[in-house]
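Novice: make a model of this:
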Amino acid sequence: MHSNSSAKNEAEIYRFIETGIPFCQFLKMKVIQLTPELVQILLPFQQDLIGDPRRPALHGGVIATLLDTAGGAISMTRLDLGRETLSTIDMRIDYLLPAQAKDLIGEARIVRKGNKVVVTQMRAFHPNQENAVADSRAVYNISNLRSVNPI
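Specialist: A predicted model of the protein is given here:
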């Protein structure tokens with residue numbers, strides 16, 4: 001069972017990912033699972049996301065965006081959202097298979113959370129397929145909202 005604070009954080013993270021980040025909204029990303037242990041985000045297929053029309057295969061940059069978003073979302077579950085924010089400081093991706101012209105899911109788990117950074121492990125895969133399209137690892141910096149420059 002989740003506490004009221006935990007449920008409020010989860011609702012805020014859903015809202016932030018799906019409507020608060022213009023690029024994620026443009027890509028039509030949807031959070032399909034969100035717990036402190038696992039986040040899954042759906043990237044619905046759109047023809048405009050094709051990077052190699054000869055295969056066709058999704059663009060690697062779109063896959064990276066999905067994985068970075070999933071890593072950020074799982075990291076947010078460990079923050080005080082009223083006082084802290086995140087920024088990506090390092091991300092590594094291994095592209096394992098061409099991403100087919102269909103929906104893609106990005107999932108993330110926490111490897112370690114410290115006082116200043118969160119380390120995550122992510123993977124991208126097609127629904128109902130076990131083989132990963134990409135594996136990734138990222139590090140996110142934790143900052144106080146007061147110290148972040150407004151846009």
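Novice: for E107, grab the count of nearby residues.
Specialist: 21 (other C-beta atoms under 10 Å). The way it works is simple: take the backbone N, C-alpha and C, and place the C-beta from them, glycine included.
Novice: setting aside sequence neighbours, what's the nearest residue to it?
Specialist: Spatially, and ignoring its direct neighbours in sequence, E107 is nearest to Q40 (4.6 Å; C-beta to C-beta, 6 or more residues apart in numbering).
Novice: would you confirm that T19 contacts F26?
Specialist: No: applying C-beta atoms under 8 Å as the test, T19 and F26 come out as separate, 11.2 Å apart.
Novice: with just CA atoms, put stretch 123-132 into PDB.
Specialist: Provided in PDB are the C-alpha atoms of stretch 123-132 (Å, rounded to 0.1, in the frame of the first residue of the first chain):
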ATOM      1  CA  ARG A 123      16.200  -1.300 -21.300                       C
ATOM      2  CA  ALA A 124      13.900  -0.800 -24.400                       C
ATOM      3  CA  PHE A 125      11.800  -3.600 -25.800                       C
ATOM      4  CA  HIS A 126       8.700  -4.200 -27.900                       C
ATOM      5  CA  PRO A 127       5.600  -5.300 -26.100                       C
ATOM      6  CA  ASN A 128       5.200  -9.100 -26.100                       C
ATOM      7  CA  GLN A 129       8.900  -9.600 -27.100                       C
ATOM      8  CA  GLU A 130      11.600 -10.600 -24.600                       C
ATOM      9  CA  ASN A 131      14.700  -9.500 -26.500                       C
ATOM     10  CA  ALA A 132      15.800  -6.000 -25.700                       C
END
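Novice: on contacts alone, who are the packing partners of the helix or strand hosting G71?
Specialist: G71 belongs to helix 60-76 when assigned by DSSP states H and E. Judged by 3 or more C-beta pairs under 8 Å, 6 or more residues apart in numbering; DSSP states H and E, helix 60-76 is in contact with helix 4-15, helix 22-26, strand 39-43, strand 50-52, strand 84-95, strand 104-113, strand 117-125, strand 132-144.
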